[in-house]
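K.L.:
Sharing a model prediction with you, sequence too.
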Amino acid sequence: MTSGAEKPARNRNPSKLMTSILLPSWEKVAEGRMRGARPEAFGRAPLIRRCAAPSPTRGEGGNHARSPLLATKHRRERGRTKHPLHRLGLCLILAAGCGAPEATKTSAPSPAAPALRAAVAEGEGWPRRVTDSVGRSITLEKAATRVVSLAPSNTEILFAIDAGDAVVGVTTVDDYPPEAKSRASVGGMSAQAMNLETMVALKPDLVLATAGVQGPAIAPLERLGMTVVALDAERPADVAANIRAVGRLVGREAKADEVAAAFEARLEAVRARVAARTGPRPKVLYLLYDDPLMTVGPATFLGRMVDEAGGVNAFADVAQNYPTPSDEEVVIRRPEVVLATFGLMSGGDRTEEQNRRRLLNRPGWKDVPAIRDARIHALDEDLTTRAGPRLVDGLEAMERALAPSP
C-alpha cells in the first residue's frame, strides 16, 4: 500500500522518530495554527481568551472530534483536569486549531484552513485508490485486515460494517461498541499521547486517523511505514460517504452500503419532518459549557446540526466557530431553546437535573424565553459529536427537542 511516496523500511526506531519528528512537528504546527485557524466541529475549541497547545495528557478527540468531547471518558483515563479545554477534546472529530474569541464579533473571519471533506474510495477491484478528507491520494493493494483506529468515530464505523475483526488497535477513548475496549490500546488521540511502539508492534496495514486532531502526525506515521487515511466530516451527510469509503478499504462494501443507506434514509426523514413544520424555527442556544459560557457558530459541525434539526442558531451571525458570549449577550439574543451537553459542563460530576437547575437559576436569565419556558434539553455528546453511524441518533434527538409543542 502506498500514499504516493516511497516508504522507508519499518525498522526505524519509533521512540527516536517520535522525539526527532513527531513531537517537534506537532508543537510547531500547534504554535503556528493556534492563531486564527478555524476549529472544526467536535474538536479542540477555544475556551479562554487566549489559545494554548493541546494537552499531551488528553486524547483531543469527536470529532471527532469528541468532539468535540470526551469529558467522562478522559476522567476515567487520566483523572480529572480542571480546565475545560482539556475536557472538550474531540470525538471527533475535526479541529484544525483554535481561534481567538476575544469577543463575539460579526466581522469577517480570518483566513481559514482548507475545508475538510468526506473520503472517497474509487474502483471495484484491487489495487484501490482513496482520496481522504484532506485530499491525499492513497493506494491500497488489497483489503486491509489489520486496522488501527485513532478516533472513536472511525472505530464505530468499522464495527458497524462488520469489520470489527480487522480492528487491532484503538485509542483510550474508544468505548463503543463495548467490544472495542478489548482491542490493544495505542494511547490517546493527540500526537503526544500516541504510543508509537505499540502501533509499530501491531503491524497495521491501515491506520484511520482524523486530520483535525492528528494532521501533524500523519507524515511521521507514514515515515514509520504506515498507510494512513484521514476521515473527517463537515456536515452530517459526509458521514455516509465516509462509511462507504471505509467499507471499500476493508472489503466490506455491501455492509457499508447498507449502513450508509440507512443513515441517509434517516437523515432525509429528519429533513422532511423539519420541512413540513409550520411557523418560525425556534432560536437555539447550543451550550457546550456554562463556565465559561461557550456556544457554537454557524460554520461548525454542531451549528449545521442545529440547522438540520430545525432550529436557528442564536449566534448565527458571529464569525467565531466557538464564541464565548457574556450573560448579557445571551439575554439580548433571547434563545427559545437551550441544547446542552451536560456531561461536558460538569465533567460527569453533576446529574442531568442538577445541571438543568443550574441553568434555570442562572442569575439574570429568568426572562430568557428558554429559561422561562423550561425548554432545556440534555444531549448525549457521544451521539452529537462523533461523526459515525450513531450521529443520526443525536440528530433525531435534537429534532425532537426543537419540535413545536403539541
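P.N.:
Sure thing, it's come through. Residues are numbered from 1 along each chain as shown.

K.L.:
Might you calculate how far stretch 202-210 sits from the centre of the chain?
P.N.:
For stretch 202-210, the distance from its own C-alpha centre to the chain's C-alpha centre is 19 Å (Cα atoms, centre = their mean, to the nearest Å).

K.L.:
For that stretch, could you pull out the residues that count as buried?
P.N.:
Going by neighbour count (16 or more other Cβ atoms under 10 Å), the buried part of stretch 202-210 is 202, 204-210. Any C-beta I mention is one placed from the backbone N, CA and C, and that applies to glycine too.

K.L.:
nearest to V173, of the residues you listed?
P.N.:
Among these, T210 lies closest to V173 (Cβ to Cβ), at 11.9 Å.

K.L.:
coming back round to it: which ones among the buried residues of stretch 202-210 lie within strands?
P.N.:
Using DSSP state E, the subset of those located in strands is 206-209.

K.L.:
so can I have CSV of those residues showing distance to I138 and pLDDT?
P.N.:
Below are those laid out as CSV (distance: Cβ to Cβ, whole Å; pLDDT from 0 to 100):
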residue, distance to I138, pLDDT
L206, 9, 97
V207, 11, 97
L208, 11, 96
A209, 11, 94
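
K.L.:
could those be laid out in JSON lines, adding distance to L339?
P.N.:
Below are these laid out as JSON lines (distance: Cβ to Cβ, whole Å):
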{"residue": "L206", "distance to L339": "36"}
{"residue": "V207", "distance to L339": "34"}
{"residue": "L208", "distance to L339": "29"}
{"residue": "A209", "distance to L339": "29"}
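
K.L.:
Relative to G135, which of those is nearest.
P.N.:
Taking Cβ to Cβ as the measure, G135 lies nearest A209 of those, at 14.2 Å.

K.L.:
mind listing the strands for the stretch 151-300 of the chain?
P.N.:
167-170, 184-185, 206-209, 228-230, 283-287, 289-290, 293-294 (DSSP state E, counting those that start in this stretch).

K.L.:
weakest of those strands by average pLDDT?
P.N.:
With a mean of 88, strand 289-290 has the lowest mean pLDDT of the strands of the stretch 151-300 of the chain.

K.L.:
Tell me the strands beside it, with direction?
P.N.:
The strands beside strand 289-290 in its sheet (DSSP bridges) come out as strand 293-294 (antiparallel).

K.L.:
Give me the mean pLDDT for the helix or strand following the partner strand.
P.N.:
The element immediately downstream of strand 293-294 (helix or strand, assigned by DSSP states H and E) is helix 301-308. The average pLDDT for helix 301-308 rounds to 95.

K.L.:
okay, helix 301-308 in PDB with CA atoms only?
P.N.:
C-alpha atoms of helix 301-308 as PDB (Å, rounded to 0.1, in the frame of the first residue of the first chain):
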ATOM      1  CA  PHE A 301     -20.500  20.800  12.600                       C
ATOM      2  CA  LEU A 302     -22.800  21.300  15.600                       C
ATOM      3  CA  GLY A 303     -24.000  24.600  14.100                       C
ATOM      4  CA  ARG A 304     -25.000  22.700  10.900                       C
ATOM      5  CA  MET A 305     -26.700  20.000  13.100                       C
ATOM      6  CA  VAL A 306     -28.900  22.700  14.700                       C
ATOM      7  CA  ASP A 307     -29.900  23.800  11.200                       C
ATOM      8  CA  GLU A 308     -30.600  20.300  10.100                       C
END
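
K.L.:
For the chain, give the helix that spans the most residues.
P.N.:
Ranked by residue count under DSSP state H, the longest helix found in the chain is helix 253-276.

K.L.:
could you dump it to PDB, C-alpha only?
P.N.:
Output of helix 253-276 as PDB, limited to C-alpha atoms (Å, rounded to 0.1, in the frame of the first residue of the first chain):
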ATOM      1  CA  GLU A 253     -18.600  -2.900   0.600                       C
ATOM      2  CA  ALA A 254     -22.100  -4.400   0.800                       C
ATOM      3  CA  LYS A 255     -22.500  -3.900   4.500                       C
ATOM      4  CA  ALA A 256     -21.100  -0.400   4.300                       C
ATOM      5  CA  ASP A 257     -23.600   0.500   1.600                       C
ATOM      6  CA  GLU A 258     -26.300  -0.900   3.800                       C
ATOM      7  CA  VAL A 259     -25.300   1.100   6.800                       C
ATOM      8  CA  ALA A 260     -24.700   4.300   4.800                       C
ATOM      9  CA  ALA A 261     -28.100   3.900   3.100                       C
ATOM     10  CA  ALA A 262     -29.900   3.500   6.400                       C
ATOM     11  CA  PHE A 263     -28.100   6.600   7.800                       C
ATOM     12  CA  GLU A 264     -29.100   8.600   4.700                       C
ATOM     13  CA  ALA A 265     -32.700   7.500   4.900                       C
ATOM     14  CA  ARG A 266     -33.000   8.600   8.500                       C
ATOM     15  CA  LEU A 267     -31.300  11.900   7.600                       C
ATOM     16  CA  GLU A 268     -33.700  12.600   4.800                       C
ATOM     17  CA  ALA A 269     -36.600  11.700   7.100                       C
ATOM     18  CA  VAL A 270     -35.400  14.300   9.600                       C
ATOM     19  CA  ARG A 271     -35.200  16.900   6.800                       C
ATOM     20  CA  ALA A 272     -38.700  16.000   5.600                       C
ATOM     21  CA  ARG A 273     -40.200  16.400   9.100                       C
ATOM     22  CA  VAL A 274     -38.500  19.700   9.600                       C
ATOM     23  CA  ALA A 275     -39.700  21.000   6.100                       C
ATOM     24  CA  ALA A 276     -43.200  20.000   7.000                       C
END
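
K.L.:
quick one, that helix and helix 301-308 angle?
P.N.:
Calculated by axes from the mean of the first three to the mean of the last three Cα atoms, to 10 degrees, helix 253-276 forms an angle of 60 degrees with helix 301-308.

K.L.:
residues making contact with helix 253-276?
P.N.:
By Cβ atoms under 8 Å, 6 or more residues apart in numbering, the list of residues contacting helix 253-276 from outside reads 160-163, 236-237, 239-241, 243-244, 246-248, 308-310, 389, 391-392, 395-396, 399.

K.L.:
Give me the buried entries from these.
P.N.:
Applying 16+ other Cβ under 10 Å to these, the neighbour count classes 160-163, 236, 239-241, 243-244, 246-248, 308-310, 389, 391-392, 395-396, 399 as buried.

K.L.:
Take the residues you listed and keep only those in helices.
P.N.:
Applying DSSP H to the buried ones among the contacts of helix 253-276, the entries found in helices are 160, 236, 239-241, 243-244, 246-248, 308, 391-392, 395-396, 399.
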